[in-house]
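Q: Here's a sequence, model it:
(2 chains)
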Amino acid sequence: MSFITTLIGTVAFAVLAPIVGCLLAGLDRIISARMQGRVGPPLLQPYYDVRKLIAKDDVTVSGVDGVYMTAALVFTAFAGGIFFSGGNLLMSAFVITMAALFFIMAAYSSRSPYSELGAGRETLQVMSYEPMVLLMAVCFYMAAGSFNVRDVFGLPAPVIFATLPAFIGFLFILTIKLRKSPFDLSTSHHAHQELVRGTTTEMSGKTLAKVEVMHWCENVLFLGWTALFFLWGGPASLVLGVVVALAAWFFEILIDNNFARVKWQFMLRSAWVMALVCGGINIVVLMVA
Amino acid sequence: MQLIAFLILFPLVVAALLLVVKGDGLRNVLVGVSAVVIAAASILLAAQYLGAAWVGFEFSSQAVDYLACAVGVAISVAVIGFGMKYKNYFAVGLAIVQLVGDLVFEFGFAHAAHVEVGLYVDSLSIVMALIIGIIGSGICVYALGYMIDFQKHLDEHGEGMTELQRKDRRPTFFALMFLFLSAMYVIVFSNNMVWMFTGWEVTTVCSFLLIAYTRTDEAIANAFRQIIMNMLGGIGFLAALYFAVVFTGTLSFQDFVLFGLGSPWLVAVPVCLLAFAGLTKAAQMPFHTWLLGAMVAPTPTSALLHSSTMVKAGVFLLIKLAPLFGVCMVASQMTILVGGITFMLCSFMAISQSNAKRVLAYSTIANLGLIVACAGVGTPEAIWAAVLLVIFHAAAKSLLFLCVGTAEHHIGSRDIEDMDLLFDRMPRLARFMMLGIMCMFIAPFGMLIAKWATLVSFVDSHQMALVLLLAFGSAATFMFWGKWLGKLAGIAGSPENVETTVHASEWVSLALMACIALVACIALPIMSSALVEPYIVSVFGQLGEDIAVDNLWISSILAAFVIVVFVAGARGSKAKRADVYLAGVSVDSDHRIFRNSLSGETEATSRNLYLDGIFGEGIVRRPGEVICAVIIVVAIVASGIVPPVLL
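A: Numbers count the residues shown, from 1 in each chain, chains lettered A, B, ... in the order given. The predicted structure is shown next:
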């Protein structure tokens, strides 16, 4: 039964998440522009960009990056489908890591010095956030009594009351997951850094469009994870969830615009310390309680 | 019963024949045919007892008892001989202790406990038999082609070596491989703990001889390290036998477990000692160095030690002990902590390695750590995960070792940095290697499902420390596998294909391993219900709340999808090709050469990140060894002196 639900959820996510993600990306650009004292592009600018990318010629260095990106996109859709159809949170986290892996392989495949460097750093980013993601899922499991997302609607109170430390740790690594400054080590929105555009240096046309769409979907999924902490009782609590998710999104944009990029050593150490402290304390408290 | 006897005796006969066969042709036929026979017999056995609970066979024989003792004595004498020859007196001392222990036990104690049911089959031994019979003998087939190249290399480049080092020792090599298989069958089918111990010791001495194969100084030193560590474990096993006879009055493993469940305080010490023996054989910290040293041997040896034999004997014993870990807290905590710490620290150290075989060795130790920790937790979910991990690890790791071995012979290096462009130079091999890597660590492949069950069982049994160890260790596995995978993924230009000279026997076994890995991933739900669950039910009487079947099917579908991507997608596209971007100053884009600021030419090179300053062996190894050693010593002492009431 839940198997079919997951498949339906995946298809639905694949259709809806790009729309929502695209609007969020447009909003991101407008808000960022306002913070910098600019007017910013129209709301649908990300959509125009991607449409233009799709219309371009297929040009590739390795010939396989497009295939890897397709795989990454499909796995992102599955991860979202599993989560939003009320499936298993841990499974969703594992599958999205799989998408990250295919993205990394696409970057490596061109053998461009810039994208290899970016891919190496992207691997580091995954290693930095992965412990906290697992611990976040574990804390959710201990607080909610299940890894299944749909079960939150049966809870008497949102899990945030029992998992505040884990949530704080999660917000910290969310910046890495969203590839926002100060943790945009592997790539950035502008090709003027020392590694050009890092992971996506050699990607163009449809392949680059897939990367963009994947980022939109990822953003929607991660905001969904954020909202999960605030859901309980019945679907009405979704309103609160959406509000919190949007607040977290605004917070990330604020950080993005106010911090300069850090070195990987700082990223790895800080993310692991956060995981150890926030995740560790939370798990101890939940086990004792 | 006849089938079990056949599985134990047939490889022995083959081993004896191989000792006298000198020609390549005859050896190829003999090894090939026997491998098929052993695999077929294992499958037949599995089909016969599929889903069966514990089935014992009444079989006891004075002659076999004496034979077991004689084998033990022969092993000790052989080790003493080697120890004297190479002046390793510590090994000699251990061998003497073991020799005396063996004899005193046989003539002073063993007859106090008569074991009626000498042999048995259950679902776990079926799983093991399939692994040994299919993967183990597959590796023997692979070795045929590999050893021809290996010997050729020795003949051509062996100027600096002594006559002894250059000698063609292949008859002994293949005989030892088959002897190994036979000893493994003894371990997994024996209910009589003395016979099990004999098999245990035979595997130790077989790996000693296989590691020392090339007779170089390094090989000899590493072989002695292996035998010293494993003889410590062996002496632990022997001591456990004494305790078993004295306290429980039985040498039947089944009765020992039943007795222990009833009166845990009486088996606390032997369980701890057996667990210690398991830890040494499964190469857990601080004993992990023997497995790292073992890679000086020809690659098929590593593949055999890592995937289907030796280390698997260690985790097999620990999994068998799992029900007792539920009642013996000290032994259980020791196993859990050593396994968990080993998993995390060895995953860290794997990041800092660029030698492919060393990465594989560390990842084996790490994975064994996870299996060991699961066995220590001892809940139905944890054992479910442990058995699945054993299966996936066997399939994926043998595939990877064989790939690295073949790559080494054809690109002349086992360094991951040299595997750049492997996808072009050896397209088929690169795909096999990528498949193996993926099976090792990512969703949707089984390994991750097993890791997930591990996580669930750690949380449910309130193993806080383990959850943290697992979280950080898993992140490290992503790093070291991911960057290796990335190296392989590179495609550029059109270098020459060096794959054409790979021996057919190597392709056959590579393809076999790849198929097993794939089938295991796609048929995960079926495998779980047909092979693993019957064992859980037979031991615990019930299934744990394991991963829902739906999730297994989702994983199975995703695995199938990845395979489609690899088969269909990686053929290359019709898109227009562009050159790599080199900041607009390229001279030769295919070779990544650009014009530098002095108008000269420079090649852009990049290495993967190894983070030696954070995860280097120099930083991680010592603390890990000390902590694990202290845990083991404290646990063994504590299990003896903690008042029985507390247990």
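
Q: Can you tell me the closest non-neighbouring residue to residue 77?
A: Going with chain A. Nearest residue to A:Ala77 in three dimensions, chain neighbours excluded: A:Ala14, at 4.2 Å (C-beta to C-beta, 6 or more residues apart in numbering or on different chains). For every residue, glycine as well, the C-beta is placed using N, CA and C.

Q: ah, I was thinking of chain B
A: B:Leu99 (7.1 Å).

Q: unless I'm mixing things up, the one you found is touching B:Ala74, no?
A: No. Using C-beta atoms under 8 Å, B:Leu99 makes no contact with B:Ala74, being 10.0 Å away.

Q: All the helices of the stretch 151-300 of chain B, in order from the start?
A: With helices called from DSSP state H, counting those that start in this stretch, the stretch 151-300 of chain B shows them at B:163-166, B:170-189, B:193-211, B:217-243, B:253-262, B:264-281, B:289-293, B:299-303.

Q: In stretch B:64-78, which residues are buried?
A: Residues B:65, B:68-69, B:71-72, B:75-76 are the ones in stretch B:64-78 that count as buried (16 or more other C-beta atoms under 10 Å in any protein chain shown).

Q: Name the SS class of the residue of the stretch 101-250 of chain B at minimum distance from chain A, please.
A: Per C-beta to the nearest C-beta, B:Val127 is where the stretch 101-250 of chain B lies closest to chain A, at 24.5 Å. Classification of B:Val127 using DSSP: H, G, I helix; E, B strand; the rest coil returns helix.

Q: ok now stretch A:208-216, how far from the chain's centre?
A: Relative to its parent chain, stretch A:208-216 has a centroid offset of 12 Å by C-alpha atoms, centre = their mean, to the nearest Å.

Q: Contacts for it, please.
A: A:17-18, A:20-22, A:24-25, A:46, A:49-50, A:53-54, A:66, A:69-70, A:72-73, A:76, A:99, A:103, A:179, A:200, A:203 (C-beta atoms under 8 Å, 6 or more residues apart in numbering or on different chains).

Q: for the stretch 451-600 of chain B, what are the low-confidence residue spans?
A: For the stretch 451-600 of chain B, the stretches flagged by pLDDT under 70 are B:451, B:490-499, B:544-549, B:566-574.

Q: Do you have the helices of it handy? List them.
A: With DSSP H, counting those that start in this stretch, the ranges of helices along the stretch 451-600 of chain B come out as B:464-489, B:504-522, B:524-527, B:533-540, B:549-564.

Q: Neighbours of residue 87, how many?
A: You didn't pick a chain, so chain A it is. Residues within reach of A:Gly87, counting by other C-beta atoms under 10 Å in any protein chain shown, total 28.

Q: oops, I was thinking of chain B
A: Here the number of neighbours of B:Lys87 (other C-beta under 10 Å) works out to 8.

Q: Next, the contact list for residue 120, please.
A: Assuming you mean chain A. Contacts of A:Gly120 by C-beta under 8 Å, 6+ apart are B:483, B:486, B:606, B:608-609.

Q: try chain B instead
A: Contact analysis of B:Tyr120 by C-beta under 8 Å, 6+ apart lists B:54-57, B:189-191, B:254.

Q: That one - that's part of a strand, no?
A: Yes. Assessed by three-state DSSP, B:Tyr120 belongs to a strand.

Q: How about it: which residues does it bridge to?
A: B:Gly56 (DSSP bridges).

Q: the strands in chain A, which residues?
A: A:59-60 (DSSP state E).

Q: re the thing from before, was I right to think the residue of the stretch 101-250 of chain B closest to chain A contacts B:Glu533?
A: No. The pair B:Val127 / B:Glu533 is not scored as a contact, 11.5 Å apart, by C-beta under 8 Å.

Q: For the residue in the stretch 151-289 of chain A that chain B sits nearest to, grab the count of nearby residues.
A: Per C-beta to the nearest C-beta, the residue of the stretch 151-289 of chain A with the smallest distance to chain B is A:Met287, at 5.1 Å. Using other C-beta under 10 Å, A:Met287 is surrounded by 13 other residues.

Q: Quick one, grab the pLDDT at it.
A: pLDDT for A:Met287: 85.

Q: tell me the contacts of it?
A: Applying C-beta under 8 Å, 6+ apart, the residues near A:Met287 are A:142, B:462, B:464.

Q: what's near enough to touch the spatially most central residue of chain A?
A: A centroid search over chain A (C-alpha atoms, centre = their mean) returns A:Glu218, at 4.1 Å, as the residue closest to the centre. Neighbouring residues of A:Glu218 by C-beta under 8 Å, 6+ apart: A:21, A:76, A:96, A:99, A:177-178.

Q: got a list of contacts for stretch B:232-252?
A: So stretch B:232-252 is contacted by B:94, B:97-98, B:101-102, B:105, B:109-110, B:112-113, B:115-117, B:191-194, B:197, B:200-201, B:204, B:255-256, B:259-260, B:266-267, B:269-271, B:273-274, B:276-281, B:287 (C-beta under 8 Å, 6+ apart).

Q: swap that for stretch B:427-434, sorry
A: With contacts defined as C-beta under 8 Å, 6+ apart, stretch B:427-434 is touched by B:399-400, B:403-404, B:406-407, B:410, B:422-423, B:485, B:488-489, B:497, B:499, B:502, B:507, B:510-511, B:513-514, B:566, B:570.

Q: tally of neighbours for the nearest residue to the residue of the stretch 101-250 of chain B closest to chain A once chain neighbours are set aside?
A: In space, and not counting its chain neighbours, B:Val127 is closest to B:Leu531: 5.4 Å by C-beta to C-beta, 6+ apart. Counted with other C-beta under 10 Å, the neighbours of B:Leu531 add up to 20.

Q: From what I see, B:Leu531 and B:Met128 are in contact.
A: No. Taking C-beta under 8 Å as the definition, B:Leu531 is not a contact partner of B:Met128, at 10.6 Å.

Q: who's in contact with residue 73?
A: Just going to use chain A. Residues in contact with A:Leu73 (C-beta under 8 Å, 6+ apart) are A:99, A:210, A:213-214, A:217.

Q: if you could check chain B rather than the one you did, that'd help
A: Shown in contact with B:Val73 (C-beta under 8 Å, 6+ apart): B:99, B:102-103.
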